[in-house]
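*Asks:* What would the 3D arrangement of this be:
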Amino acid sequence: MKSKSKVIGLVIVIGVMAVIYSLLRYFGVTEYIALQNVYKIKEWVSGFGIIAPLIYIGFYIVATLFFLPGLPITVLSGVAFGPVWGVVYVWIGSVTGVSLAFLVARYVARDLVENWVSGNAQFQKIDEKVEQEGWRILMFTRLVPIFPFNLQNYAYGLTKIKFLTYMLVSAIFMLPGTIAYVQIGGALVSGEGNLSKTLIYLSIAGVLFLLVSLIPKFLRKHQPDL
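*Replies:* Numbers count the residues shown, from 1 in each chain. So this is what the prediction gives:
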């Protein structure tokens, strides 16, 4: 009975995912998501008025679940909402998205995700390191893209890491990159007339990129097995 309910749940999830993805392709959203189209997407999001942040957060969650590129959507937040609220909305959308992917893999579509990562040496290594290092390997993979980000969200659902640990560590260590990319979006907007703000946002982004690049080297130096 339990296996039957799992099969039904899996069929429902795949069906919903297929419908949503088909709609995204039909309306051209999947082809629209690129850095060169960021201002067009801004106009689309801003057209929703006061509920635009909710639409954006929902859009980010869908993008995370359906393997759509996150970089242009993250930069878009800085363009559409500014360098502060843009970070907040990306953070909410990204944490919610990665958490849902984890739960889907662990409780609903485990067999499907296992097929996705079957034979992947990188995932096997991550799985082993979760056993040895716990949350530290999650921290490392959030900072260093050694494994595709969107697939990573599902893959961790197959490991023994606890959901609360996964969610909190992801929320903390995705934040530096989020802030950096959103500042780039803020700089694009400010560049239309405020050079000093543009320089400030780009400086913040540059410092964060530098710090994020140095952290993995520091971790490897003190924990070579990571």
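*Asks:* Could you count how many residues lie near residue 122?
*Replies:* By the criterion of other CB atoms under 10 Å, residue 122 has 15 neighbours. In short, each C-beta sits where N, CA and C put it, glycine included.
*Asks:* all helices of this structure, in order?
*Replies:* With DSSP state H, the ranges of helices along the chain come out as 2-26, 29-32, 38-46, 52-65, 70-81, 85-103, 110-117, 121-133, 135-143, 149-155, 163-173, 175-190, 195-222.
*Asks:* Report the separation between residue 64 and residue 133.
*Replies:* 24 Å (CB to CB, to the nearest Å).
*Asks:* the more surrounded of those two?
*Replies:* residue 64 (23 against 16).
*Asks:* Going by mean pLDDT, which of the helices of the chain comes out lowest?
*Replies:* Mean pLDDT per stretch puts helix 29-32 lowest among the helices of the chain, at a mean of 52.
*Asks:* gap between residue 80 and residue 111?
*Replies:* 38 Å.
*Asks:* I misspoke; the intended subject was residue 140.
*Replies:* In this view, residue 140 and residue 111 are 27 Å apart by CB to CB.
*Asks:* Which one of these two is surrounded by more residues?
*Replies:* residue 140 (20 against 11).
*Asks:* From residue 120, how far out is that one?
*Replies:* Computed as CB to CB, the residue 140 to residue 120 distance reads 17 Å.
*Asks:* How about residue 58?
*Replies:* 30 Å.
*Asks:* swap in residue 43?
*Replies:* Taking CB to CB, one finds residue 43 at 39 Å from residue 120.
*Asks:* Residue 136 too?
*Replies:* 21 Å.
*Asks:* can you check residue 68 too?
*Replies:* Distance from residue 68 to residue 120, by CB to CB: 21 Å.
*Asks:* Which one of the two is surrounded by more residues?
*Replies:* residue 68 (19 against 15).
*Asks:* The more buried one is in contact with residue 62, isn't it?
*Replies:* Yes: the pair residue 68 / residue 62 is scored as a contact, 7.5 Å apart, by CB atoms under 8 Å.
*Asks:* Phi, psi for residue 47 please.
*Replies:* Note on residue 47: backbone dihedrals following degrees, to the nearest 10 are phi -60, psi -10.
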